[in-house]
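K.L.:
Need a 3D model of the sequence below.
(3 chains)
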Amino acid sequence: MPELPEVETVRRHLLPQLANRRIEKARFLDQRALPFMPKEDAADVLSGRTILDIQRVGKYLLFRLDEQMLMVIHLRMTGRLYVLTRRTPPDARYSAWIQFDHGTGLCFQDTRRFGTIYIGDRQQLMNIPGLANLGPDPTNDDWTGQCLLRQIQKRRAPIKSLLLNQTIVAGIGNIYADESLFCAGIHPLRMGMELTAKECDQLARCIKNILHDAIAFEGTTFRDFRLGYDQSGSFQERLQVYGRTGESCRQCSGPITKLKIAGRSSHYCSVCQPK
DNA sequence: GAGAGCCTGGCG
DNA sequence: CGCCAGGCTCTC
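P.N.:
Prediction:
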């Protein structure tokens, strides 16, 4: 479900509600959410811990706990995290449930059950595939078109697949890859090695602007992404190409085309993004 | 570098 | 019924 802007939105939403809250008890209802730890152990480790801070790295949420412990959550496609302020009994629909003092609860709900939770110290969490070799965060000031150029200039793969590769740059997913390529006027099938330094600069600027705006509008809500129980983001109203197959381009009124690249649907304007 | 696989639900 | 879905991992 969520890409960088949605994960950042969730982080900003959870932090003020959960900071300095002490975990009374945790219940994991679905072992699949905890690939590296028996669920009973996870509940034991979390019990009594306090949430000190919530950080984001790429699409991962890092809950910093006392005693040097961390809980890392990846929502994948359909994961949702929300706070319930009344004491509600755990429900079979939840993959995990964390009960705090004062009756607050955090629940993790995940229809497709791809989402994952990892618990451990910093050392242990570096074994998580994906976290260990995660690329730079594009919202960081020191990430520039030059960094992008360096990563892709020898790659014979479509730029669309390279943007989805989390070791090259972290946090971009299918929506924002398509939107960024449209903004930069780059066809999604252009090979990484074909892109000039100037195009990389342009693309990096577009990525930064789009992610920034998407965060300001609290992300894109299509189906599963929700802030809390029922609030939505509103960036979907500003999408230029994603999900607009057959509609007309807002720049040139040409048709928006859909193409399968690396197994993912890619939306682009063949006029604004020539091959 | 491409494709299957992991899952469930909604839509045509 | 088949196809599609804001992700990622593993295998060939």
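
K.L.:
For stretch A:197-209, give me every contacting residue.
P.N.:
Stretch A:197-209 is contacted by residues A:138-139, A:143-149, A:152, A:159, A:163, A:169, A:172, A:176, A:180-181, A:183-186, A:195 when judged by C-beta atoms under 8 Å, 6 or more residues apart in numbering. (C-beta placed from N, C-alpha, C; glycine too.)

K.L.:
ok, of the residues you listed, which come out buried?
P.N.:
Among the contacts of stretch A:197-209, those scoring as buried are A:138-139, A:143-145, A:147-149, A:152, A:159, A:163, A:169, A:172, A:176, A:180-181, A:183-186, A:195 (criterion: 16 or more other C-beta atoms under 10 Å).

K.L.:
Next one: the residue of chain A found nearest DNA strand B from DNA strand C, what distance?
P.N.:
In chain A, the residue that lies nearest DNA strand B is residue A:112 (3.3 Å; C-beta to the nearest atom of the strand). As judged by C-beta to the nearest atom of the strand, to the nearest Å, residue A:112 and DNA strand C stand 6 Å apart.

K.L.:
could you measure the nearest residue to that residue once chain neighbours are set aside against DNA strand C, distance?
P.N.:
Leaving aside its chain neighbours, residue A:112 sits nearest to residue A:78 (4.5 Å; criterion: C-beta to C-beta, 6 or more residues apart in numbering). Per C-beta to the nearest atom of the strand, residue A:78 is found 8 Å from DNA strand C.

K.L.:
Where does the residue lying closest to residue A:46 once chain neighbours are set aside sit, in terms of helix or strand?
P.N.:
In this structure, residue A:46 finds its nearest non-sequential neighbour in residue A:26, 4.1 Å apart by C-beta to C-beta, 6+ apart. Taking DSSP states H and E as the criterion, residue A:26 maps to strand A:23-28.

K.L.:
Which neighbours in the sheet does that strand have, and how are they oriented?
P.N.:
When pairing is defined by DSSP bridges, strand A:23-28 lines up against strand A:94-100 (antiparallel).

K.L.:
Convert the C-alpha atoms of the strand it pairs with to CSV, please.
P.N.:
C-alpha atoms of strand A:94-100 as CSV (Å, rounded to 0.1, in the frame of the first residue of the first chain):
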residue,chain,number,x,y,z
TYR,A,94,-5.6,-7.8,13.4
SER,A,95,-2.2,-9.3,12.9
ALA,A,96,-0.9,-7.5,16.0
TRP,A,97,-2.2,-5.6,18.9
ILE,A,98,-0.2,-3.5,21.3
GLN,A,99,-1.9,-2.3,24.5
PHE,A,100,-0.5,0.8,26.2
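
K.L.:
Would you tell me what the next helix or strand after that strand is?
P.N.:
Assigned by DSSP H and E, the successor of strand A:94-100 is strand A:105-110.

K.L.:
what lines up beside whichever helix or strand comes after that following strand in the sheet?
P.N.:
Proceeding N to C from strand A:105-110, the next assigned helix or strand is strand A:116-120, under DSSP H and E. If you go by DSSP bridges, strand A:116-120 pairs up with strand A:70-74 (antiparallel).

K.L.:
from what I can see residue A:169 touches residue A:135, true?
P.N.:
Yes: look at residue A:169 against residue A:135 with C-beta atoms under 8 Å: they come within range, at 5.0 Å.

K.L.:
between those two, what contacts are shared?
P.N.:
Common contacts of residue A:169 and residue A:135 (C-beta under 8 Å, 6+ apart): residue A:151.

K.L.:
State the distance from the residue in the stretch 1-150 of chain A that DNA strand C sits nearest to to residue A:261.
P.N.:
When distances are taken as C-beta to the nearest atom of the strand, the stretch 1-150 of chain A reaches nearest to DNA strand C at residue A:130, 2.2 Å away. Residue A:130 sits 21 Å away from residue A:261 when distances are taken as C-beta to C-beta, to the nearest Å.

K.L.:
between the two, which one's more packed in?
P.N.:
Neighbours per residue, other C-beta atoms under 10 Å: of residue A:130 and residue A:261, the larger number sits with residue A:261, 19 against 14.
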